[in-house]
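Colleague: Just the structure for this:
(chains A and B)
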Amino acid sequence: MAQKLFKSKTRVLPGFRLTLGYTLLYLSLIVLIPLAAVFWKTSLLTWPQFVQVITSPQALAAYRLSFGASLLAALINSVFGLIVAWVLVRYNFFGKKFVDALVDLPFALPTAVAGITLATLYAPNGWIGQFFEPLGIKISFTRLGVLVALTFIGLPFIVRTVQPILEDFEPEIEEAAASLGANRWQVFWRIIFPTLTPALITGFALAFARALGEYGSVVFISSNIPMKTQIVPLLIMTKLEQFDYPGATALAVVMLVFSFVLLLTINVLQWWANRYNATNLS
Amino acid sequence: MSVEVKNVTKKFGSFIALDNVNLKVESGELVALLGPSGSGKTTLLRTIAGLEFPDPGTAQILFYGEDVTLIPASERKAGFAFQHYALFRHMSVFENIAFGLRVRPKTTRPPEDEIRQRVNKLLQLIQLEPLAKRYPSQLSGGQRQRVALARALAVEPKVLLLDEPFGALDAKVRKELRRWLRQLHDEIHITTLFVTHDQEEALEVSDRVAILRAGKIEQIGSPEEIYDNPASPFVYDFLGNVNLFSGRVHEGSVIIGDTEFSVPETAGETETSTVAFVRPHDIRITREANGDKTFAALVVRSNAAGPVANLELARVNGGVQFTAQLSKEEFQQLQLKTGERVFVELKNVKVFNEDFSI
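Modeller: Residues are numbered from 1 along each chain as shown, chains lettered A, B, ... in the order given. The predicted structure follows:
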């Protein structure tokens, strides 16, 4: 098998071995070796120590917040990101280019700046926070604040994955559905939405993964109280500051494995949502 | 009368896509809308389907006497098939065909069993039963267009509208499919309008052909009628290859150079310069001159590949080039070589009174 792969005949595009070698080397240096180091450092712990670190109440609470808030933020972004993408593709209005550029801002803004800005805006005496204060809703320095920050940084992922698919959507398909008697609502749910699903899932996965790893903005908008508003990356940071490297990497391993399983699941889901794009048999 | 279009005008900005069009289609008829691109044929079809609306005014569109001018496509009950099929790619062939039935409101939606039956019947009709579970991306172009047709037929439309249904297919499949469409129409007799820019397709398939030019219907009639009696130089030119000879009209004949060809319908007119139209297959080639009935020409090029031989000739007097079509046998008997001198006789010469420009 391997022989077949490498002893292949003349190709139209040369450089197969060179590029494959480069890819493997690059991935190893950038991704695999650092990840392996995480596992290696963790292995300095004995099994009972490892279990103790990763199942401590503080860690469990941090997982819950990290995964819960990231998931929720990605879901919120899926809904509102879809609406933003829809408006940007379907309608022409004054300042459209400006709004379009605005969408990328969470990508470009240093996360600390975003965290500080959001924390100030949503503080009880902030521009937005003041309207929630009388209702008894506190946003900054609570779990809700974490959700706000994670939603902010995840928005571009949904918009930018859904937008090109919407742009490529042929008006003829909608016209066909209409001529068959479908109303606007049916056209959206039965025709447009299923076509967007694979892109939506991709965007969701990206936003979710990004939120899981977010650190900079969250530390500013969260009060970072263990068991309450502490996310996993922060807990890892705390452990590092105490020179508890094996403990920090143990938590990192848990995050890695969980994220990997989740992303894998999403990939399977995506393959399912995209099943109709099978190879052409004609 | 199943479809009636009255005084329909449609402008896109300053471009006039339809210019006061009137059209009547009998029920059960298969009518082709034929014209070059930009002639408004697709706009007319889309207006009938309710995908475009005519400019306000006296425009009216009637389906079986019922005024549907302002009714949107979703309620008009016109089946529409697109050039690029517009199939729903996330649905199987079966679900594509069933779509129109499934989106009906609960009160008029047939039960699941009946939907299944009807879709299976249509699958039989388009001869794609074994592929019911395939997705559109797994079908060939011809198969996709048949699915699109079945999908449009599933809702039992009052009229079937096809926008260049075979335009995206290769020549061989296109011929097969248009024969199939004709057979299908003979079976189910649904009033059908289809748009095409292929005159051969229009003449072969349809009961009547409407020829459009710049947003107007130039001529409408049976294929024989319009082929044998084209109403204008435009129609004559659009329906097939043509040679132009400038000459003079003189008491029932046209004089080209020193040669006189009889054109009975010009009787009574005298001494006006004109352009004579002759189809390549109406040109006879001989070795011997025949008095004042023929003129001399040189063979410029000959091509005998295919069922007929095509000749390119140039008049000795003036050098104007024209093409002639001969049967293979005639061509072999004549044994023509490039550069040889022959004599040409024109048959079925056609002269139009209006402007000579095409």
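
Colleague: For the stretch 1-150 of chain A, which segments count as helices?
Modeller: A:2-6, A:16-27, A:33-42, A:47-54, A:57-90, A:96-103, A:105-108, A:111-122, A:129-132, A:143-168 (DSSP state H, counting those that start in this stretch).

Colleague: Over to chain B?
Modeller: Taking DSSP state H, the helices of chain B run over residues B:41-49, B:73-76, B:93-102, B:112-125, B:141-154, B:171-188, B:199-205, B:223-228, B:233-238, B:328-334.

Colleague: between these, which gets nearest to A:D244?
Modeller: helix B:93-102 (57.2 Å; Cβ to Cβ). In short, each C-beta sits where N, CA and C put it, glycine included.

Colleague: Determine the angle, from 0 to 180 degrees, between the closest one and helix B:141-154.
Modeller: 20 degrees (axes from the mean of the first three to the mean of the last three Cα atoms, to 10 degrees).

Colleague: Tabulate the helices of chain B in CSV, adding columns for mean pLDDT, mean neighbour count and distance to A:S70.
Modeller: Putting the helices of chain B into CSV (pLDDT from 0 to 100; neighbours: other Cβ atoms under 10 Å in any protein chain shown; distance: least, Cβ to Cβ, whole Å) gives the following:
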stretch, mean pLDDT, mean neighbour count, distance to A:S70
helix B:41-49, 95, 24, 47
helix B:73-76, 90, 19, 41
helix B:93-102, 95, 23, 35
helix B:112-125, 94, 15, 41
helix B:141-154, 93, 24, 42
helix B:171-188, 89, 15, 52
helix B:199-205, 91, 19, 58
helix B:223-228, 92, 16, 68
helix B:233-238, 90, 20, 65
helix B:328-334, 87, 14, 78
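
Colleague: For chain A, which of those helices is the nearest?
Modeller: Chain A sits nearest to helix B:93-102 of all those, at 3.6 Å, using Cβ to the nearest Cβ.

Colleague: Alpha carbons only: can I get the closest one in CSV?
Modeller: Only the C-alpha atoms of helix B:93-102 are listed here, as CSV (Å, rounded to 0.1, in the frame of the first residue of the first chain):
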residue,chain,number,x,y,z
VAL,B,93,-35.6,12.1,-6.6
PHE,B,94,-38.7,10.8,-4.8
GLU,B,95,-38.9,13.7,-2.4
ASN,B,96,-38.2,16.2,-5.2
ILE,B,97,-41.3,15.0,-7.0
ALA,B,98,-43.4,14.8,-3.9
PHE,B,99,-42.4,18.3,-2.8
GLY,B,100,-45.4,20.1,-4.4
LEU,B,101,-47.8,17.7,-2.7
ARG,B,102,-46.2,17.9,0.7
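
Colleague: what does it contact?
Modeller: A:177, A:180-182, A:190, B:87-88, B:91, B:109-110, B:115, B:118-119, B:122-123, B:128, B:131-136, B:139, B:147, B:150-152, B:154-155 (Cβ atoms under 8 Å, 6 or more residues apart in numbering or on different chains).

Colleague: Please work out which of the helices of the stretch 1-150 of chain A is packed deepest.
Modeller: helix A:143-168 (a mean of 22; mean count of other Cβ atoms under 10 Å in any protein chain shown).

Colleague: count of neighbours near the residue in the stretch 151-300 of chain B positioned nearest to chain A?
Modeller: When scored by Cβ to the nearest Cβ, the stretch 151-300 of chain B has B:V155 as its residue closest to chain A, at 5.7 Å. Look at B:V155: counted by other Cβ atoms under 10 Å in any protein chain shown, it has 20 neighbours.

Colleague: residues in contact with it?
Modeller: A:180-181, B:77, B:79, B:100-101.

Colleague: okay if I get those as CSV plus distance to A:S78?
Modeller: Below are the contacts of B:V155 laid out as CSV (distance: Cβ to Cβ, whole Å):
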residue, distance to A:S78
A:L180, 29
A:G181, 30
B:K77, 37
B:G79, 36
B:G100, 30
B:L101, 31
